[in-house]
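Novice: need a 3D model of the following:
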Amino acid sequence: AASLLSCVFQMDTTPESYLDLFPLDAIVYLTPDSENVLEDIDPDKVYVLGGLVDESIHKQLTLRRAQEQSLRTARLPIREYMVKTPNSRNYHSETLAINQVFDILSTYYETRSWPAALRAGVSSGKGYVLPDRAEQ
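Specialist: Below you'll find the predicted structure:
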């Protein structure tokens, strides 16, 4: 099967902080608690995926961390492109695992389609679906 993504990503690890490696104005810290919606990916920006172990205990921790570091923040456009689905627990979460965020960003970069990207990374267990799947 052919992969949807034809681009290749290079990853390096380093003990240095992203704050030491990139200019502050080039960094966009992605957090579900941001008021700013990520509308497009700028290849001149560095996107930091804020990661947590337990979303229920550390509400807004990634947003506070970014604010303390004077970083621009953004969130994925889940509310703008998806709808909440009724479920027995009335559960709706925009907090995603890092691999899900990466899948969304890489799919968006390839397709330039937020619906396609969100379909690739947001599972229905989060309580959100694309409008065309809401009545299924």
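Novice: now for the chain, the helix or strand with the poorest mean pLDDT.
Specialist: helix 61-68 (a mean of 88; mean pLDDT, DSSP states H and E).
Novice: by contact count, what packs against the helix or strand following that one?
Specialist: Later in the chain than helix 61-68, the nearest helix or strand by DSSP states H and E is strand 72-74. The contact analysis (3 or more Cβ pairs under 8 Å, 6 or more residues apart in numbering; DSSP states H and E) places strand 72-74 against strand 27-30, helix 61-68. To be clear about C-beta, it is placed using only N, CA and C from the backbone, and glycine gets the same treatment.
Novice: mind listing the strands for the protein?
Specialist: Under the criterion DSSP state E, strands of the chain are mapped to 27-30, 46-49, 72-74, 83-84, 128-129.
Novice: between these, which gets nearest to residue 101?
Specialist: strand 46-49 (5.1 Å; Cβ to Cβ).
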